[in-house]
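Undergrad: show me how the following folds:
(chains A and B, ligands or ions: 4)
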There are 2 protein chains.
Amino acid sequence: MTAAYTQNLDKTPANHQPLTPLGFLARAARVYPNHPAVVHGAKTYTYAEFYDRSRRLASALSKLGIGKNDTVSVMLPNVPAMLDAKYGVPMAGAVLHSINTRLDAANIAFMLDHAETKVLITDTEYAKVVAEALKLSEHKPVIIDYADTEFPGLGARLSDVEYEDFIAGGDPEFAWKMPDDEWDAISLNYTSGTTGNPKGVVYHHRGAYLTSLGNTLAGQIGKHPNYLWTLPMFHCDGWCFGWTIPLVGGTQVCLRYVRPDAIWASLYENEITHLCGAPIVMSTILNAPADAKRKLKQKVQFLTAAAPPPEAVLAEMREAGFNVTHVYGLTETYGPSVVNEWKGEWDALDGGAQAQKKARQGVRYVPLEDLSVIDPLTMQHVPADGETLGEVMFRGNVVMKGYLKNKDATDDALAGGWFHSGDLGVMHPDGYIQLKDRSKDIIISGGENISSIEVEDVLFKHPAVQAASVVAKHDEKWGETPCAFIELKPGATVTAEEIIAWCRQHLAAYKCPRHVVFNELPKTSTGKIQKYILREMAKS
Amino acid sequence: MTAAYTQNLDKTPANHQPLTPLGFLARAARVYPNHPAVVHGAKTYTYAEFYDRSRRLASALSKLGIGKNDTVSVMLPNVPAMLDAKYGVPMAGAVLHSINTRLDAANIAFMLDHAETKVLITDTEYAKVVAEALKLSEHKPVIIDYADTEFPGLGARLSDVEYEDFIAGGDPEFAWKMPDDEWDAISLNYTSGTTGNPKGVVYHHRGAYLTSLGNTLAGQIGKHPNYLWTLPMFHCDGWCFGWTIPLVGGTQVCLRYVRPDAIWASLYENEITHLCGAPIVMSTILNAPADAKRKLKQKVQFLTAAAPPPEAVLAEMREAGFNVTHVYGLTETYGPSVVNEWKGEWDALDGGAQAQKKARQGVRYVPLEDLSVIDPLTMQHVPADGETLGEVMFRGNVVMKGYLKNKDATDDALAGGWFHSGDLGVMHPDGYIQLKDRSKDIIISGGENISSIEVEDVLFKHPAVQAASVVAKHDEKWGETPCAFIELKPGATVTAEEIIAWCRQHLAAYKCPRHVVFNELPKTSTGKIQKYILREMAKS
Ligand SMILES: Nc1ncnc2c1ncn2[C@@H]1O[C@H](COP(=O)(O)OP(=O)(O)OP(=O)(O)O)[C@@H](O)[C@H]1O
Ligand SMILES: Nc1ncnc2c1ncn2[C@@H]1O[C@H](COP(=O)(O)OP(=O)(O)OP(=O)(O)O)[C@@H](O)[C@H]1O
Ligand SMILES: [Mg+2]
Ligand SMILES: [Mg+2]
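TA: Ligands and ions are numbered 1, 2, ... in the order given. Model prediction:
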């Protein structure tokens, strides 16, 4: 050891600054002041204007007394104000809390109280549910209405202050400061609540910065992309794309309503190069009415998560000029932090084999330092055999700070130096992971693990089945047995016995449901099936 | 302030890991094990092999007792061992010191002592100068010879241990560790010594990681680039490209001798997409014999630094299928950290106007947090008028830790929260900087600043002048006056009076040289003119 390296080589402001995505916008405004930054209907804001608006927002919030570690909540669809907020709120030192716009009043009230919201910016379209929530909440934040001029007359006003007037009162030269530390909170995002009550995930500046860089690599995003907002901007902070796109000087095209004709019109007119969304967005695109569809000149990159993209969808997407990249992550990992990194050698495979490769969640993002499948009891890595089930665990700089006001859940989630995702998967011999189930959803019958996803896959293939979900039901003899809940296609009929017989044709006997229930499936506001409710139903 | 954000949200190994480029190779080896990582002549190493070799090197060094903060020096041209070293040395916890292979024995000896080198890996081609250096140095490192099998029989052996045998004794499964801290030293690079004695610049893992990400953005480097090593791998750690290319799963093509036929053959055969170098490399490419040149199918990105690319060269490069990006930086900033970010709107300009835009050094890299032109006395930013001269200063995460064993120089360089580059420049109204001179090279005559570059530009245009350099000469009346040193073209003749008359035609009188000396210009081993030697000569 040469002691010289430990002496007089300390951090100074000259060689050490906090990592933060806020600088992405400042840089883009300097380098590309006239490039379109945000498009919304007939409106276009240049980077100079976008930066100006964000600083005005930061300034106006500061004048209200908002500062470090204050929560500013927003209840906004995919509109420019939401993008302003991604910069303006942290530029005031505050923490941005984006509310899922499909939540009900009780949920919203719970979050306003839990987050201790000081200011709420809310779109007039949601006035009714928000007014109700404000009656329920103990916390009474300052309200600022956002009345979308591109869609006038939606909903009602809840306060005297409209967003545009509010920021007009702010200083466009506002001297925003870098965070004191890159570990400082930048935003708060609640989980979807698929497995229980939503938890408040706290993001830091460092992770937001690094996820953005990771997105450019995973999504193959070069200079000046045209990005269409089909992903909700509130969902995991829009996977950090509100920060990612200014990093590469791109144009963000807002989309208030994610409807097929609007998507196709924008793809064509705005020469969209990149977009993101759950597989449902791909279906929306593909199932659009024929006269809405357009022949696109550009190649479009589509990043999808939430579920593996099905083979038929992949083939149709390719046909329509899209390249689909499968990514995976959780609210706790800033959205995607795992990518199905595609290998050139796979291009030679047939459609089915390609879809199998693409169904795997993949490998770590560059800024995720480690990803593995681990036995949560022993904390040993499972063998890379594509078969042994374990819990998918993450380690690195794109994992949340923790859950707000929930030390126990935080400690559990980060126990043993790894973030426990609650997703069950396998490690393939080539180092790619694949999800098999959620740990809470696995069914253990007579000591054997049954993947609820495997059973659901078989049910899905039955011609009468529209949707299906399988959960564990307590059983005296076996411990648990599979119980299937099924939504039928319009007009279709089938009996429980026929369903069970179908399963027996395709599955080992012990994996077949013993009980079959026909009813509508309970879903979260993001469209995920709430198995914990089905488990309650299975008890009775 | 919501106190909740400050409680129970601490760093753990699950959500905080040191940033380091070492993981880039580990990731590439997992994701693209069979992709070519390193090509050298007829040899190709896949990523699995490259990772294997690097870990063997780390292991073999560890067995020698090398560990944290030990210096491992390398005297290597652009060969695979040098790339191994960029990973293997820090994977052993040690610090990589790359020696400029054109240095003389006295300089090398100075560095071995100053760096307290424990192990020296040296190419047999340099045996003579290295043997001499080892006689001069007080420090006697362990020597490992590198005998390039692609160029057999060069030079002589200095030890019993050859590199390939050395790493063959290492463990390919060596469990390298992440650095304890991202602030830990990763490498040591001496400055070129243009302005005096070279200083030992210490890089840290964080900066190397971030510069690599910055390079992918500045150089528009997508997935799987083919990179040709025309830049010396030792120069500012090869601008961090040895780390940058594995980050994007690319192929690094080594080039032992940077000669026109070898460059063109490689451009063609290896389908090179990216390369870097000083303007001299562009001249080498363009002035290659006609039968060496090939029509390339691919578009090639060329990153150039050290001096602004001249208009004629830009035009010829475009013609030949290259896109030139102008970057700027110093050893102290990990190589380039400023980029002439090109705007689409400039494409419409004519060649001359485009060259003028491209001559400007530009704007900060994404991971450089701030860049400005500042009056070093008042530390005030100069107005963005394109005229007021100031010192170019950098602030951010891609600035060195400091100079090894040189607290005074470190403190001076990082004073006031900015890194002082010693380069003089202006800030243009659009936020792009442009260099005008080095602060040590400016001439102050009768209180007026004279840019030596401006005078040199005029001299360069004289038909008889091959090279020119202008320095200050002490003067009783004016304080300083310009003194010109000139190398003539072969066969050309011109008098001092004619030169001065030429200057009077093109420059304000006070800027014209009072003295003209005809002689060969002293240069550093990287080909830069050593003005401090000329200043000494001007005294007499
Ligand atoms: N590519 C994918 N393939 C399969 N499942 C995915 C994929 N991407 C995400 N998921 C699922 O989504 C989950 C993350 O969703 P999110 O963070 O929005 O909330 P949630 O986990 O559904 O809700 P809660 O944590 O409140 O129960 C992952 O844990 C995983 O189960
Ligand atoms: N694009 C460029 N245009 C003009 N000059 C450049 C450019 N890039 C680099 N330079 C010059 O090169 C310098 C950095 O070179 P380097 O760090 O290799 O050593 P040096 O500064 O020449 O040597 P020393 O610091 O020992 O005197 C910069 O300070 C600048 O003067
Ligand atoms: Mg979850
Ligand atoms: Mg220098």
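
Undergrad: where in chain A is the helix or strand with the lowest mean pLDDT?
TA: Lowest on mean pLDDT, DSSP states H and E among the helices and strands of chain A sits strand A:448-450, with a mean of 81.

Undergrad: so what's A:E341 up against?
TA: Contact analysis of A:E341 by C-beta atoms under 8 Å, 6 or more residues apart in numbering or on different chains lists A:A218, A:G362, A:V363, B:V31. Using the backbone N, CA and C atoms, a C-beta is placed for each residue, glycine as well.

Undergrad: let me see the contact set for the closest residue to the second one other than its chain neighbours.
TA: In this case it means A:G362. Of all residues not flanking A:G362 in the chain, A:N340 sits nearest, at 3.7 Å (C-beta to C-beta, 6 or more residues apart in numbering or on different chains). Shown in contact with A:N340 (C-beta under 8 Å, 6+ apart): A:T325, A:H326, A:V327, A:Y328, A:K357, A:K358, A:R360, A:Q361, A:G362, A:V363, A:Y432.

Undergrad: ok, the spatially closest residue to A:I450 that is not a sequence neighbour to A:Q361 distance?
TA: Counting by C-beta to C-beta, 6+ apart, A:I450 lies nearest to A:I443, which is 4.2 Å off, once chain neighbours are set aside. Distance of A:I443 to A:Q361, computed by C-beta to C-beta, to the nearest Å: 22 Å.

Undergrad: what do you get for A:L404?
TA: Distance, A:L404 to A:Q361, by C-beta to C-beta: 27 Å.

Undergrad: looking at those two, which is more packed in?
TA: Of the pair A:L404 and A:Q361, A:L404 is the one with more neighbours under other C-beta atoms under 10 Å in any protein chain shown, namely 27 against 22.

Undergrad: can you report phi and psi for the residue lying closest to A:L330 once chain neighbours are set aside?
TA: Of all residues not flanking A:L330 in the chain, A:S421 sits nearest, at 5.9 Å (C-beta to C-beta, 6+ apart). A:S421 adopts backbone torsions of phi -80, psi -20, taken as degrees, to the nearest 10.

Undergrad: so how far is B:D148 from A:S421?
TA: A:S421 is 48 Å from B:D148, where distance means C-beta to C-beta.

Undergrad: which residues of the stretch 351-500 of chain A fall in helices?
TA: Ranges of helices in the stretch 351-500 of chain A, per DSSP state H, counting those that start in this stretch, are A:351-358, A:407-413, A:452-460, A:496-506.

Undergrad: would you turn these into CSV with mean neighbour count?
TA: Listed next are the helices of the stretch 351-500 of chain A as CSV, based on neighbours: other C-beta atoms under 10 Å in any protein chain shown:
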stretch, mean neighbour count
helix A:351-358, 16
helix A:407-413, 15
helix A:452-460, 20
helix A:496-506, 15
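
Undergrad: do you know which of the ones you listed lies nearest A:P13?
TA: With respect to A:P13, and counting by C-beta to C-beta, the nearest of those is helix A:407-413 at 31.7 Å.

Undergrad: quick one: is the closest one near ligand 1?
TA: No. Helix A:407-413 stays clear of ligand 1 (C-beta under 6 Å from any ligand atom), getting no nearer than 9.9 Å.

Undergrad: got the contact list for that helix?
TA: Residues outside helix A:407-413 that contact it (C-beta under 8 Å, 6+ apart) are A:K199, A:E332, A:G402, A:Y403, A:F419, A:H420, B:Q7, B:N8, B:L9, B:A14.

Undergrad: mind putting those residues into TSV with pLDDT?
TA: Formatted as TSV, those follow (pLDDT from 0 to 100):
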residue	pLDDT
A:K199	93
A:E332	98
A:G402	98
A:Y403	98
A:F419	98
A:H420	97
B:Q7	93
B:N8	94
B:L9	96
B:A14	98
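
Undergrad: isn't the residue nearest to A:L330 up against A:Y328?
TA: No. Using C-beta atoms under 8 Å, A:S421 is not in contact with A:Y328, being 9.4 Å away.

Undergrad: more crowded one of these two?
TA: Higher neighbour count among A:S421 and A:Y328: A:Y328, with 28 against 24, using other C-beta under 10 Å.

Undergrad: next, that one: phi, psi?
TA: Torsion angles at A:Y328 (phi, psi; degrees, to the nearest 10) stand at phi -150, psi 140.

Undergrad: near ligand 1, which residues of chain A?
TA: So chain A meets ligand 1 at A:191-196, A:198, A:305-308, A:326, A:328, A:330-331, A:361, A:421-423, A:435, A:438, A:528 (C-beta under 6 Å from any ligand atom).

Undergrad: give me the buried subset of those.
TA: Neighbour counting over the residues of chain A next to ligand 1 (16 or more other C-beta atoms under 10 Å in any protein chain shown) leaves A:191-195, A:198, A:305-306, A:308, A:326, A:328, A:330-331, A:361, A:421-423, A:435, A:438, A:528 as the buried ones.

Undergrad: any idea how far A:L404 lies from B:A492?
TA: Computed as C-beta to C-beta, the A:L404 to B:A492 distance reads 76 Å.

Undergrad: which ones are touching the residue nearest to A:L330?
TA: Taking C-beta under 8 Å, 6+ apart, we find A:S421 in contact with A:L330, A:E332, A:T333, A:E391, A:V392, A:M393, A:F394.

Undergrad: would you check how far apart it and A:K440 are?
TA: In terms of C-beta to C-beta, A:S421 sits 11 Å off from A:K440.

Undergrad: hang on, the earlier thing: out of the buried ones among the residues of chain A next to ligand 1, which sit inside strands?
TA: Mapping those onto strands (DSSP state E) picks out A:H326, A:Y328, A:L330, A:S421, A:G422, A:D423, A:L435, A:R438.

Undergrad: tell me the neighbouring strands of the least confident helix or strand of chain A, and mark each as parallel or antiparallel.
TA: Sheet pairing here is set by DSSP bridges, and for strand A:448-450 it gives strand A:443-445 (antiparallel).

Undergrad: show me which residues of the strand it pairs with are buried.
TA: Of all the residues in strand A:443-445, those buried under the rule 16+ other C-beta under 10 Å are A:I443, A:S445.

Undergrad: now swap in stretch A:173-181 and tell me
TA: For stretch A:173-181, a neighbour-count test (16+ other C-beta under 10 Å) marks A:F174, A:W176, A:M178, A:P179 as buried.

Undergrad: looking only at pLDDT, what's the mean for it?
TA: Mean pLDDT, computed over stretch A:173-181, is 95.

Undergrad: which residues does it contact?
TA: Here stretch A:173-181 makes contact (C-beta under 8 Å, 6+ apart) with A:17-18, A:20, A:22-23, A:55-56, A:58-59, A:62, A:68, A:90-93, A:186, A:205, B:369.

Undergrad: what's the longest helix belonging to chain A packed up against?
TA: In terms of residue count, the longest helix belonging to chain A (DSSP state H) is helix A:47-63. Judged by 3 or more C-beta pairs under 8 Å, 6 or more residues apart in numbering or on different chains; DSSP states H and E, helix A:47-63 is in contact with helix A:22-31, strand A:36-40, helix A:80-91, helix A:163-168.

Undergrad: tell me the most buried of these?
TA: helix A:80-91 (a mean of 27; mean count of other C-beta atoms under 10 Å in any protein chain shown).

Undergrad: chain center to that helix: distance?
TA: Here helix A:80-91 is found 18 Å from its chain centre; the criterion is C-alpha atoms, centre = their mean, to the nearest Å.

Undergrad: how about that helix against chain B, any contact?
TA: No. Helix A:80-91 is not in contact with chain B by C-beta under 8 Å from any C-beta of the partner chain; minimum separation 12.1 Å.
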